[in-house]
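S.K.: Let's see this in three dimensions:
(2 chains)
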2 protein chains.
Amino acid sequence: MDFTVTPFADATAVTPAGEGAWTGRIAPDWDILGNANGGYLLAMAGRAAAEACGRPDPVTMTGHFLAPGRPGPVRLTTEIVKEGRRFATVATTIADELGKPLLAALGSFTQLEDRPGPEHVQGGPPELPDRDACLAVQPTEAFPPPFMAQTDLRLHPDDVPFGAEGPSGFLRVRGWFRWRGDQPLDTLSLLVASDAFPPTIFNADLPVAWTPTLELTTHVRHRPDPNEWLRCSFRTRFITAGFLEEDGELWDGRGRLIAQSRQLALLPRS
Amino acid sequence: MDFTVTPFADATAVTPAGEGAWTGRIAPDWDILGNANGGYLLAMAGRAAAEACGRPDPVTMTGHFLAPGRPGPVRLTTEIVKEGRRFATVATTIADELGKPLLAALGSFTQLEDRPGPEHVQGGPPELPDRDACLAVQPTEAFPPPFMAQTDLRLHPDDVPFGAEGPSGFLRVRGWFRWRGDQPLDTLSLLVASDAFPPTIFNADLPVAWTPTLELTTHVRHRPDPNEWLRCSFRTRFITAGFLEEDGELWDGRGRLIAQSRQLALLPRS
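M.R.: Residues are numbered from 1 along each chain as shown, chains lettered A, B, ... in the order given. Below is the predicted model of the structure:
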């Protein structure tokens, strides 16, 4: 199979089109079963918001996913709700060419700086085997999805839901993340990394094939080193009332918590 | 001290004022050191959004806190981004009389229904002593704040940061929640309950008096029983890079996870 690799910066590029208006393009092969990855859409919205307010780093950004995104042109709107000394808060939407909304997002942006202060960290990066001993996920037309042509994921061998051993029974997925092709990691990339791994529920012994994400929130603590691998872990504790959450942590090789994420997904009606 | 108790439904009431426009009023004694409680502002935004889209229950709602809210009139705007079969997504803002933005919010609303489906729950309600053996928090002009005139909080005796024994050293706070005056609990109330307890960082051995909330997201799984106490727990794992998260769980007496919350707060520069 041949898949198109579009560098992250290009795949999320937006062009000004008037006051608070932007155009963009959903790149091919950033999808999962034909739907653009949610973290990717959130990152495109994040890029428009960051450019609108002139601050590069999302500190906390939330997206509500409204409809599947197909490859092709999209229109974005940004509204700067507040510009403060340190943070700017921006509401962003992405719609398709016909005006159908795909994503609504709200984020606060800043210029992140490392500065001394109290530190109290319970826990640490997930323990991961060397990347050679992990599963390098390759894209397929179905699952793993075409989107895996963009990311270089290395899954913890205990957490591979589609391996010969089948689901682990533990609602967690751990692994390494970076872009393919030595593209640099930035804070917008973290919005994708938050949503790039196979869903934790694939490791459940439940007859569930697809859990659409309603909402994803990512908190960014640090700018990642541009060329480093992230150590990521995701877990789910509560499948109940037709919903499930998935909590993520993204760490770097220096043992810094780079970002935290939580998404709420829907369990299809049985 | 006398404090004004304004029932939750009245304190969050909004009146239509044109297409997508509403008026409301920040009630007295819903504040902490003069600033209206963040969960209270989010609940007022939630009420406007729910009325705008005709669906009573926030499934996931995020607020970004932009400026302190003072008692008095406010103006709200609601924009329905999408109305689907099951969910409606609404962007809401609250501004003061001069137009200064206080809160930007984004939420998805539905009519929650209990329905059978797979359940997988790791963990459970916090273990709490009987309410008589907990600390009933009473409002003062400073701390505990006037806002405690509205809520009936009973803190786990091990987690009382302002008691004779001082901070516990554990970044957690557990306790019981309900409204005073037998006001019924609804799903909008949960937005307040997510943000009603003393901050976990008050139990740290850190010289920190105040950590403003940047953003709060609450996921609602069930409608609570209207007259029951919630069993709540909040904890913080990561104070780093000038930020901290606070994760909350709200459970009912039947052992159901009613809601989950996470907020990102700012550690003031040292």
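
S.K.: Near chain B, which residues of the stretch 101-250 of chain A are found?
M.R.: Selection of the stretch 101-250 of chain A residues close to chain B by CB under 8 Å from any CB of the partner chain yields A:101, A:104-106, A:108, A:112, A:114-123, A:171, A:204, A:206, A:208, A:214-215, A:217, A:219, A:221-222, A:236-243, A:245. No exception for glycine: its C-beta is placed from N, CA and C like everyone else's.

S.K.: Leaving out sequence neighbours, find the closest residue to A:Asn35.
M.R.: Leaving aside its chain neighbours, A:Asn35 sits nearest to A:Pro68 (3.8 Å; criterion: CB to CB, 6 or more residues apart in numbering or on different chains).

S.K.: Just give me the neighbour total for the one you found.
M.R.: When counting by other CB atoms under 10 Å in any protein chain shown, one arrives at 16 neighbours for A:Pro68.

S.K.: pretty sure it contacts A:Gly38?
M.R.: No: under the criterion of CB atoms under 8 Å, A:Pro68 is not in contact with A:Gly38, lying 9.7 Å apart.

S.K.: among the residues of the stretch 101-250 of chain A next to chain B, which are in strands?
M.R.: A:101, A:104-106, A:108, A:120-121, A:214-215, A:217, A:219, A:238-240, A:243, A:245 (DSSP state E).

S.K.: Which two among these are spaced furthest apart?
M.R.: Of all pairs drawn from those, the one with the longest distance (CB to CB) is A:Pro101 and A:His120, at 40.2 Å.

S.K.: Neighbour count for the two, which is higher?
M.R.: The neighbour count for A:Pro101 versus A:His120, taken as other CB under 10 Å, is higher for A:Pro101 (18 against 15).

S.K.: how close does A:Trp176 sit to B:Leu267?
M.R.: Counting by CB to CB, to the nearest Å, the separation of A:Trp176 from B:Leu267 is 30 Å.

S.K.: same thing with A:Gln263?
M.R.: A:Gln263 is 25 Å from B:Leu267, by CB to CB.

S.K.: Show me the helices in the stretch 51-200 of chain A, by range?
M.R.: A:187-193 (DSSP state H, counting those that start in this stretch).

S.K.: wait, isn't A:Gln150 in contact with A:Ala9?
M.R.: No: counting by CB under 8 Å, A:Gln150 sits too far from A:Ala9 to count as a contact (11.8 Å).

S.K.: Can you pick out the residue with more neighbours from those two?
M.R.: Set A:Gln150 next to A:Ala9 and count neighbours by other CB under 10 Å: A:Gln150 wins out with 26 against 14.

S.K.: Torsion angles phi and psi at the more buried one?
M.R.: Torsion angles at A:Gln150 (phi, psi; degrees, to the nearest 10) stand at phi -90, psi -40.

S.K.: contacting residues around it?
M.R.: Contact partners of A:Gln150, counting by CB atoms under 8 Å, 6 or more residues apart in numbering or on different chains, are A:5-6, A:8, A:11, A:29-30, A:179-180.

S.K.: would you list those residues in CSV and tack on pLDDT?
M.R.: What follows is the contacts of A:Gln150, written out as CSV (pLDDT from 0 to 100):
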residue, pLDDT
A:Val5, 95
A:Thr6, 96
A:Phe8, 98
A:Ala11, 98
A:Asp29, 97
A:Trp30, 97
A:Trp179, 98
A:Arg180, 95
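
S.K.: Narrow the residues you listed to those in strands?
M.R.: Reading strands off the contacts of A:Gln150 with DSSP E, I get A:Trp179.

S.K.: Can you turn the buried part of the contacts of A:Gln150 into a ChimeraX selection?
M.R.: Selection of buried members from the contacts of A:Gln150 for ChimeraX, criterion 16 or more other CB atoms under 10 Å in any protein chain shown:
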select /A:5,6,8,11,29,30,179
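
S.K.: Please identify which pair of the contacts of A:Gln150 lies farthest apart.
M.R.: A:Asp29 and A:Trp179 (13.6 Å).

S.K.: burial of A:Gly166, as a residue count?
M.R.: Neighbours of A:Gly166 (other CB under 10 Å): 12.

S.K.: Kindly report the same for A:Arg223.
M.R.: Neighbours of A:Arg223 (other CB under 10 Å): 20.

S.K.: if I pick it, what's in contact with it?
M.R.: A:57, A:112, A:186-187.

S.K.: That concludes my questions; thank you for your assistance.
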